[in-house]
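**Student:** Coordinates only, no sequence provided:
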């Protein structure tokens with residue numbers, strides 16, 4: 001070509017292919033100019049399509065520095081055009097000082113400047129003076145930054161910039177200029193506000209000036225986009241121009257205002273029901289890793305992953321600049337060499353790259369043109385694949401996806417929390433909006449994936465400040481309820497530590513590699529085959545000998561661990577409860593609670609969360625069924641006297657037989673209490689795990705209802721067993737209590753009966769120190785104390801929790817106090833000093849024994865009113881006669897006025913002696929109250945809510961439990977063993 005050897009082309013170092021104006025030919029001919037990340041997804045942009053046709057060659061007059069110019073090209077390239085200043089002479093002088101300062105005034109520089117000004121004078125319109133491109137890539141140009149984001153009322157700022165000045169640098173210049181001006185204008189008593197470039201955004205705005213009726217010019221914006229911090233505005237001006245009739249300018253805006261405006265526009269589109277699927281698709285494809293369409297503020301960070309082909313070509317142009325200067329190679333040689341270098345990076349469908357062919361026939365030309373068109377398409381696709389990972393934040397590398405047209409290679413974890421999910425349906429969006437109106441804002445999805453088997457919110461990743469308890473570089477991965485997730489090939493049901501190099505699987509399609517460039521990566525994982533059924537003892541890698549050895553170690557381990565598969569949960573539950581339903585089963589007092597706790601603990605840590613509520617309810621139901629059978633069996637042995645049999649008084653059972661029959665009930669009351677405490681801990685942990693789930697999720701609500709029902713069943717078990725035990729113990733006490741009021745502990749006959757009873761008990765029973773203590777008491781008192789002794793022995797054998805033990809004896813002492821006090825007040829023949837001393841002595845014997853058994857505090861609290869009443873009757877007559885109503889009421893505040901009046905009225909002073917007048921109550925004293933205590937005022941049963949006594953972090957506590965755990969492990973091994981092929985079975 002003739003023009004390729006002209007001084008014009010040699011001085012500007014531009015290849016000839018630049019003058020081909022078709023969009024595809026533009027990229028095909030200019031091998032060193034690739035589409036940037038902002039346009040790789042839209043190959044038919046309006047900017048490219050609207051470029052006017054340029055002549056294939058320049059007029060010959062442009063090749064020489066003459067005063068006459070041919071008609072200008074309609075759209076000359078802005079890379080070498082300069083706008084005309086308003087005042088050309090003063091502007092030229094200022095620009096010469098501005099741009100040519102420090103440079104040699106060579107003929108080449110002067111020629112370039114003159115030609116650019118002449119071309120601009122005939123082609124550029126005065127309304128497009130928003131930027132002044134530089135004369136060369138290293139020389140500065142002038143850019144106008146519009147907007148009043150920093151200074152209210154400001155129109156624009158003029159800044160110096162070259163082809164490599166980034167958006168962030170221009171924003172920093174604007175801030176610096178504004179800060180300097182404010183520093184000059186500030187007073188001494190005002191503080192200068194500091195600004196950060198991260199708070200602002202440079203926007204590429206396309207629009208046109210509109211003249212108003214009053215003559216003013218108003219800018220009308222047609223479209224805008226945010227310019228990434230690394231993008232170079234003058235390169236955008238150089239390579240992408242607006243359509244005819246529109247102009248480009250750059251505006252500075254605040255980042256928060258820009259994001260708010262974009263969100264408002266998106267909401268308006270959704271409300272209007274407009275279809276913006278194509279726009280959203282292109283927008284999401286331009287941002288690496290996807291995410292919500294409304295989060296366009298993150299596009300600047302996400303697009304940093306894409307290294308645009310135009311950026312890569314800049315270094316190529318610098319390296320091959322000397323080649324372009326050679327006039328002998330100014331034809332197709334540079335373009336062909338660039339094409340060869342680029343195509344060598346692409347695997348075409350044919351698997352090879354066609355070399356250059358000799359000959360200039362029409363057929364060869366058309367073939368080469370078709371191949372160039374194909375290579376151009378490949379370059380556009382290739383521009384999406386040239387990705388550099390970030391160096392300052394974690395990311396997820398896609399190893400396997402679902403839809404190649406929608407999946408990305410890298411997904412960045414921009415914040416400290418990251419949620420994977422799928423795009424919600426209309427109903428799901430409405431549910432989220434309803435939750436927001438109720439103040440329950442669900443988590444925002446950061447990355448939308450396209451697989452249909454994913455949940456709206458599928459996986460949550462937290463790192464750094466979101467998990468302060470974890471070291472830097474470690475994150476936590478937590479699947480949402482019902483979302484299938486794997487971590488390094490193993491199913492993930494609960495939150496677990498996520499380390500760099502771990503493999504994350506979402507659903508049945510997506511597989512990611514987690515990387516954190518801030519942390520030194522661990523060695524690559526060598527994953528064994530999947531752990532089938534979560535049973536390492538049954539399916540361990542290695543030979544038969546290794547499996548046998550691992551099985552023996554597991555069966556004999558003292559670790560509090562009981563592995564099982566979800567499909568064997570029902571069989572294991574049945575085996576635990578049926579084989580440990582009696583106190584004499586051999587596993588110990590708390591065997592059912594301990595074994596069920598092992599089962600629930602393993603399920604809560606290693607199995608599907610949906611299984612745990614069902615296990616809790618099934619265990620509670622089976623326990624309740626067994627306890628109901630025990631209560632019915634106990635009722636058959638100890639029938640309750642009804643109204644039809646009131647005339648026939650049943651003899652009270654012996655305390656030994658009653659104690660033996662009450663053992664199963666006390667046994668299950670103790671185990672149900674421990675299970676209730678353990679279940680409450682697990683339910684609270686479940687609620688904590690659900691804190692990131694969508695509020696009001698019906699699945700979670702159903703699970704919580706299931707857990708609540710399980711806890712309610714255990715509550716019923718505890719209350720019914722407590723009621724049965726206390727009822728039959730108080731029934732026995734009722735027949736023994738009157739003897740405490742009628743027995744004279746000082747008579748010789750009672751002493752002889754006490755010695756004889758002690759010999760009988762020594763010969764027949766002989767049980768421990770407490771039994772010997774009972775033997776020293778009078779027989780009538782010893783019978784009463786024996787009830788307390790057997791009750792205490794039952795609670796200790798069953799390992800009943802201390803709170804329930806205290807409440808059991810509190811109820812027994814309440815019944816003792818109420819029954820004795822009502823009997824005493826009913827029998828006025830006992831209102832004498834001599835009888836009161838006998839009652840006081842018997843009561844002291846009982847209290848002394850209870851004090852020695854460790855029940856003194858509880859007994860003193862509940863027997864207080866009985867003791868006060870007996871002490872009142874023990875007052876000597878002479879002192880009692882001298883006392884007044886007010887003094888007696890002050891000394892005995894527990895007695896109400898009716899009870900005090902009743903005691904004073906019926907007190908035995910003598911056959912002929914009347915009560916003194918000082919005992920009369922004052923006028924207005926309320927004496928209408930009941931003198932008897934009510935049995936309905938008993939203390940309420942408070943179910944325990946304490947830390948479980950069963951510590952599963954410690955080894956198995958007893959040989960009996962160790963034997964039972966080994967039996968259950970063998971039972972589970974047998975279930976797995978029967979399902980294996982014959983050649984994979986392991987012998988013990």
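**Tutor:** Yes, it's here. For clarity, every value in this text was computed on a predicted model and none was experimentally measured.
**Student:** What are the buried residues along stretch 948-961?
**Tutor:** Buried positions in stretch 948-961, judged by neighbour count with 16 or more other C-beta atoms under 10 Å: 948, 950, 952, 956, 961. (Glycine included, C-beta is placed from N, CA and C.)
**Student:** What ranges in the stretch 851-988 of the chain fall below the confidence cut-off?
**Tutor:** Applying pLDDT under 70 to the stretch 851-988 of the chain flags the ranges 979-988.
**Student:** 90 instead, please
**Tutor:** Along the stretch 851-988 of the chain, segments meeting pLDDT under 90 span 877-878, 880-882, 889, 905-931, 937-951, 973-988.
**Student:** re earlier: sort out which one of the buried residues of stretch 948-961 lies nearest residue 602 for me.
**Tutor:** Relative to residue 602, the closest of these is residue 952; by C-beta to C-beta it sits at 9.5 Å.
**Student:** Return the residues in contact with the closest one.
**Tutor:** Counting by C-beta atoms under 8 Å, 6 or more residues apart in numbering, residue 952 makes contact with 560, 597-598, 601.
**Student:** Give me the buried entries from these.
**Tutor:** Buried, going by 16+ other C-beta under 10 Å: 560, 597-598, 601, out of these.
**Student:** that older thread, so of the contacts of residue 952, which ones are in helices?
**Tutor:** Members of the contacts of residue 952 lying in helices (criterion: DSSP state H): 597-598, 601.
**Student:** can I get those residues in a markdown table with distance to residue 551 and pLDDT?
**Tutor:** Shown next, in a markdown table, are the ones in helices among the contacts of residue 952 (distance: C-beta to C-beta, whole Å; pLDDT from 0 to 100):
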| residue | distance to residue 551 | pLDDT |
| --- | --- | --- |
| 597 | 24 | 95 |
| 598 | 18 | 95 |
| 601 | 22 | 94 |
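**Student:** closest to residue 220 among those residues?
**Tutor:** So of these, ranked by how close each gets to residue 220 (C-beta to C-beta), first place is residue 601, at 68.3 Å.
**Student:** Name the nearest residue to the closest one, ignoring sequence neighbours.
**Tutor:** Nearest residue to residue 601 in three dimensions, chain neighbours excluded: residue 952, at 5.4 Å (C-beta to C-beta, 6 or more residues apart in numbering).
**Student:** looking at this, the one you found is in a helix?
**Tutor:** No - Residue 952 is assigned coil when assessed by DSSP: H, G, I helix; E, B strand; the rest coil, not a helix.
**Student:** what pairs with residue 511 across the strands?
**Tutor:** Under the criterion DSSP bridges, residue 511 forms beta bridges with residue 400, residue 505.
**Student:** From residue 853, how far out is residue 898?
**Tutor:** Distance of residue 898 to residue 853, given as C-beta to C-beta, to the nearest Å: 35 Å.
**Student:** I meant to write residue 504 there.
**Tutor:** Here residue 504 is placed at a distance of 61 Å from residue 853 (C-beta to C-beta).
**Student:** neighbour count winner among those two?
**Tutor:** A direct count of neighbours by other C-beta atoms under 10 Å for residue 504 and residue 853 places residue 504 higher, at 22 against 16.
**Student:** pLDDT at that one, what is it?
**Tutor:** pLDDT, residue 504: 94.
**Student:** Same check on residue 734?
**Tutor:** Predicted confidence (pLDDT) at residue 734: the value is 90.
**Student:** Tally up the residues packed near it, please.
**Tutor:** Neighbourhood size, residue 734 [other C-beta under 10 Å]: 13.
**Student:** Wait, it touches residue 820, no?
**Tutor:** No - judged on C-beta atoms under 8 Å, residue 734 makes no contact with residue 820 at a distance of 10.5 Å.
**Student:** now, among the ones in helices among the contacts of residue 952, which is nearest to residue 583?
**Tutor:** Nearest member of the ones in helices among the contacts of residue 952 to residue 583, counting by C-beta to C-beta, is residue 597, at 18.4 Å.
**Student:** Enumerate every residue touching that closest one.
**Tutor:** Listed by C-beta under 8 Å, 6+ apart, the contact set of residue 597 reads 674-675, 678, 948, 950, 952.
**Student:** Next: residue 907.
**Tutor:** 831-832, 873, 880, 915.
**Student:** do you know how far it is from residue 620?
**Tutor:** Residue 907 is 56 Å from residue 620, by C-beta to C-beta.
**Student:** name the element residue 553 belongs to?
**Tutor:** Of the helices and strands defined by DSSP states H and E, residue 553 is found in helix 544-555.
**Student:** Just the buried residues of that helix, please?
**Tutor:** So, applying 16+ other C-beta under 10 Å, buried residues of helix 544-555: 547, 550-551, 554.
**Student:** now do stretch 171-190
**Tutor:** Those buried within stretch 171-190 under the rule 16+ other C-beta under 10 Å are 171, 173-175, 177-178.
**Student:** what mean pLDDT would you report for it?
**Tutor:** Stretch 171-190 comes out at a mean pLDDT of 74.
**Student:** what's that stretch in contact with?
**Tutor:** In contact with stretch 171-190 (C-beta under 8 Å, 6+ apart) are residues 145, 150-151, 157, 159-160, 192-193, 195, 197, 200-202, 252.
**Student:** can you name the two of these that are farthest apart?
**Tutor:** 160 and 193 (24.9 Å).
**Student:** More neighbours: which of these two?
**Tutor:** For the pair residue 160 and residue 193, the greater number of neighbours falls to residue 160 (16 against 10), based on other C-beta under 10 Å.
**Student:** ok, the closest residue to that one other than its chain neighbours to residue 173 distance?
**Tutor:** The shortest distance from residue 160 to any non-neighbouring residue, by C-beta to C-beta, 6+ apart, is to residue 140 (4.4 Å). Distance of residue 140 to residue 173, computed by C-beta to C-beta: 11 Å.
**Student:** what's the overlap in contacts for those two?
**Tutor:** Common contacts of residue 140 and residue 173, defined by C-beta under 8 Å, 6+ apart, comprise residue 160.
**Student:** So what's the predicted local confidence for residue 124?
**Tutor:** Residue 124 is given a pLDDT of 42.
**Student:** scratch that, residue 38 is what I was asking about
**Tutor:** We have a pLDDT of 35 for residue 38.
**Student:** got it, and the one 3 residues further on?
**Tutor:** At residue 41 the predicted local confidence, pLDDT, stands at 37.
**Student:** still on that earlier bit, which one of the buried residues of stretch 171-190 sits closest to residue 574?
**Tutor:** Nearest to residue 574 out of the buried residues of stretch 171-190 is residue 171 (C-beta to C-beta; 70.6 Å).
**Student:** Check which helix or strand that closest one maps to.
**Tutor:** With DSSP H and E as the test, residue 171 turns up in helix 167-185.
**Student:** so after that helix, what's the next helix or strand?
**Tutor:** Scanning forward in sequence from helix 167-185 by DSSP H and E, the next helix or strand is strand 200-211.
**Student:** Output the contacting helices and strands for that following strand.
**Tutor:** Other elements packing on strand 200-211 under the criterion 3 or more C-beta pairs under 8 Å, 6 or more residues apart in numbering; DSSP states H and E are helix 167-185, strand 217-227, helix 233-239, strand 247-254, helix 255-272.
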